[in-house]
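Visitor: 3D model of this:
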Amino acid sequence: MKKFFFLLVLAAIIFSCNDPADKSMSDQSANNRAKTLRFYDEVINGHNTALIDSFCTEDFTDHNPSQGHSGKGREDLRASFTEMFSAMPDVKITPDFIIAHGDTVVAYVTMTGTNSGPMSNMPATNKSFKINGIDIIVVKDGKATERWGIFDDMSLMGQLGAGAPADASKTNDKK
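Guide: Coordinates of the predicted model:
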């Protein structure tokens, strides 16, 4: 009987140390991380803007929208991706690492592609690129509500030949 009582007390102590809120947050974080990975794979890599509705809220806000976009709502996001897929039909995102905590997901990604269509007011360059970026996404009830992101646009433009060279040290003339 003493052994049974001891095991019961030990089980109670162990159970009380496991905060159910921590488990809930861990599950939420894992779900939000998985949902973000699916977005990259199905929407961006799959070039399927029709799926945006299942990943983002109607009032989704992109705090760093593409040029010419407001960042307000799914329709603006869909238009932004449609333009990107037209300018870079082979664009892909590879998550290098992704961290989720509660309702926030942070991803460091690599974007690759070829600019084979017009981009904004710039004609196609038919040049390939590889840049890095960071996305910070807030997810509520399984859908993204907000995004902050930064990508290496200067490197992108340099690689496409539309701005400063991607690596100035390789292009400087030595006199």
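
Visitor: any idea how far the longest strand seen in the chain is from the chain center?
Guide: If you go by DSSP state E, the chain has its longest strand at strand 128-140. On the basis of Cα atoms, centre = their mean, to the nearest Å, strand 128-140 sits 4 Å off its chain's mean C-alpha point.

Visitor: Can you give the strand pairings for that strand, parallel or anti for each?
Guide: strand 104-114 (antiparallel), strand 143-151 (antiparallel) (DSSP bridges).

Visitor: Pipe the ones you listed into a markdown table and attach mean pLDDT, mean neighbour count and distance to residue 82 per row.
Guide: Where C-beta positions appear, they are placed from N, C-alpha and C, glycine not excepted. Formatted as a markdown table, the strands paired with strand 128-140 follow (pLDDT from 0 to 100; neighbours: other Cβ atoms under 10 Å; distance: least, Cβ to Cβ, whole Å):
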| stretch | mean pLDDT | mean neighbour count | distance to residue 82 |
| --- | --- | --- | --- |
| strand 104-114 | 98 | 18 | 15 |
| strand 143-151 | 97 | 17 | 17 |
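
Visitor: Quick check: the residue nearest in space to the middle of the chain vs residue 35, distance?
Guide: By Cα atoms, centre = their mean, the chain has its centre lying nearest to residue 135, at 4.6 Å. Distance of residue 135 to residue 35, given as Cβ to Cβ, to the nearest Å: 13 Å.

Visitor: what about residue 28, how many neighbours?
Guide: Counted with other Cβ atoms under 10 Å, the neighbours of residue 28 add up to 16.

Visitor: ok, it - contacts?
Guide: Going by Cβ atoms under 8 Å, 6 or more residues apart in numbering, residue 28 touches 102, 103.

Visitor: ok, now the one 4 residues further on?
Guide: For residue 32, the contact set (Cβ under 8 Å, 6+ apart) comprises 100, 103, 104, 105, 137, 139.

Visitor: Check residue 138 too.
Guide: Going by Cβ under 8 Å, 6+ apart, residue 138 touches 103, 104, 105, 144, 145, 146, 147.

Visitor: tally of neighbours for the first one?
Guide: The one in question is residue 103. Per other Cβ under 10 Å, the neighbour tally for residue 103 reads 17.

Visitor: Isn't it up against residue 140?
Guide: Yes. Using Cβ atoms under 8 Å, residue 103 is in contact with residue 140, at 6.0 Å.
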